[in-house]
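based on what follows, work out the 3D shape:
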Amino acid sequence: MEVAAKGFTLVELVIGIVVMGIAVAGITSILFSFAVSSANPVFEVKSSLLAERVFREILAQEYDQNSDHHGGVCRCGETVVSGGERLCDIGSCTAESGYGPDTPEERAAQYSSVFNDIDDYDTSRLCAVKTGSVACQMYASPDFCNGLDSCSGVPADFFLGKNYSEWKASVQKDLPDAGYAGYYVTVRVSQVAVGGFAFKEIRASVLDPRGGVYRLSALRGNY
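Residues are numbered from 1 along each chain as shown. Take a look at the predicted model:
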């Protein structure tokens, strides 16, 4: 009894190749998306660490340029009289329109370490006075600017200081993406009143090289 030989026709082979191609393309696209997103936690952690570092530095400063910088006994905008003697009368706090670097030294700053009060850090005003060698970045997305009109961001190096910049320069030739290259910081400082008391609202945003945004905000009282 003669048995007929079995095999695939040309049409079946073509259909099989097409189906396999579609399957491989689908699997590859899924694996690629996982590979891209797997780096997101690294960007998120670096952004959060940078934002917290900038925030700690800002909150450690005096409330205002006109505050008492020698012990903090007197507050701007406050008059204290005891026994007929005027103990505290150091003038009004800086108007919001006057926020930004106050002194020539601050305006010529290469790093934020020379600032001494909260509103010095407002990056839109840093860019307006062209502080030091700050290269400001303008972003089209209002989301990064927290809905504000001005979108001037400042490179992370400005806030990280001279030691960081020197380290980055020494390794940049071997590690192009070392440190916080491509990260930008935006800080907004505005006046708010809560319960009849004056506060400064600080909003900081960090933009990572992939377009991710990490934000922190806080109120700082006049103390």
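
buried set for the one helix or strand residue 163 maps to?
Take DSSP states H and E as the rule and residue 163 turns out to sit in helix 162-171. Within helix 162-171, the residues that qualify as buried are 165, 168, counting by 16 or more other CB atoms under 10 Å. Every C-beta, even on glycine, is put in place using the N, C-alpha and C of the backbone.

and the helix or strand following that helix, which strands flank it?
Of the helices and strands lying after helix 162-171 in sequence (DSSP H and E), the nearest is strand 184-194. Using DSSP bridges, strand 184-194 pairs in its sheet with strand 152-155 (antiparallel), strand 197-207 (antiparallel).

quick one: average confidence on the first one?
What it means is strand 152-155. For strand 152-155, mean pLDDT rounds to 84.

mind listing the helices for this protein?
Counting by DSSP state H, the chain has helices at residues 10-37, 40-59, 104-107, 123-129, 157-160, 162-171.

residues near residue 101, how many?
A count of nearby residues for residue 101, using other CB atoms under 10 Å, gives 25.

rewinding a little: ranking the strands paired with strand 184-194 by mean pLDDT, which is last?
Among the strands paired with strand 184-194, strand 152-155 carries the lowest mean pLDDT, a mean of 84.

got the CA positions of it in PDB?
Provided in PDB are the C-alpha atoms of strand 152-155 (Å, rounded to 0.1, in the frame of the first residue of the first chain):
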ATOM      1  CA  SER A 152      12.100  79.600  33.200                       C
ATOM      2  CA  GLY A 153      14.000  76.600  34.500                       C
ATOM      3  CA  VAL A 154      17.500  76.500  35.800                       C
ATOM      4  CA  PRO A 155      20.000  73.700  35.400                       C
END
